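[1] Need a 3D model of the sequence below.
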Amino acid sequence: MARFLAAFCLLLGLAFGASVPARAKPVSEVDARAVRTVVSAQLEAFAKDDAKRAFSYAAPSIRAMFGTPERFLAMVRAGYPVVYRAAGVTFLVPLHVESDLVQGVHLTDGAGALWLATYRLERQTDGSWRIAGCGVQPATGKLI
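    Reported below is the predicted structural model:
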């Protein structure tokens, strides 16, 4: 959890112009594309209420925590409405922070408010990426 919070603070700083600390490392273009694909696909699945598909992009630890795709979707719907129904999506530059890959995403809700979603992703033994956590905080500003 401490690594996730550190990564979140790092991305929050980067979103508002801070410099990258020495412990953050760049992500290859191949991994950056793969991570964007996974996060985008999960957001699309949420938009279509496709619980099974959205759940398939979650890391094994998240799947074990919720048990079923329906419980997972219900949690996202109730606790992360901007993730569940994002009106706009803009990907920030992903970074390796310690052993995590962290992908920041600016999400816009239906009212035009801007949010920062910080995704933590884990590489699986088959080389694919899965979402191991997501934190969402309001960002400053509003799209018009």
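
[2] Now do the strands in this structure.
    Per DSSP state E, the chain carries strands over the ranges 24-26, 88-91, 95-97, 100-108, 113-123, 129-142.

[3] right, so of these, which gets closest to residue 78?
    strand 129-142 (12.8 Å; C-beta to C-beta). In short, each C-beta sits where N, CA and C put it, glycine included.

[4] what does that closest one contact?
    4, 8, 12, 15-16, 31, 34-35, 38-39, 42, 57-62, 80, 82-83, 100-101, 106-107, 112-124 (C-beta atoms under 8 Å, 6 or more residues apart in numbering).

[5] just to revisit the earlier point, tabulate the strands of the chain (a markdown table), appending mean pLDDT.
    Formatted as a markdown table, those follow (pLDDT from 0 to 100):
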| stretch | mean pLDDT |
| --- | --- |
| strand 24-26 | 89 |
| strand 88-91 | 97 |
| strand 95-97 | 94 |
| strand 100-108 | 96 |
| strand 113-123 | 96 |
| strand 129-142 | 90 |
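
[6] gap between the closest residue in space to residue 90 that isn't next to it in sequence and residue 57?
    Distances taken as C-beta to C-beta, 6 or more residues apart in numbering place residue 106 nearest to residue 90, at 4.3 Å, with adjacent residues excluded. Per C-beta to C-beta, to the nearest Å, residue 106 is found 19 Å from residue 57.
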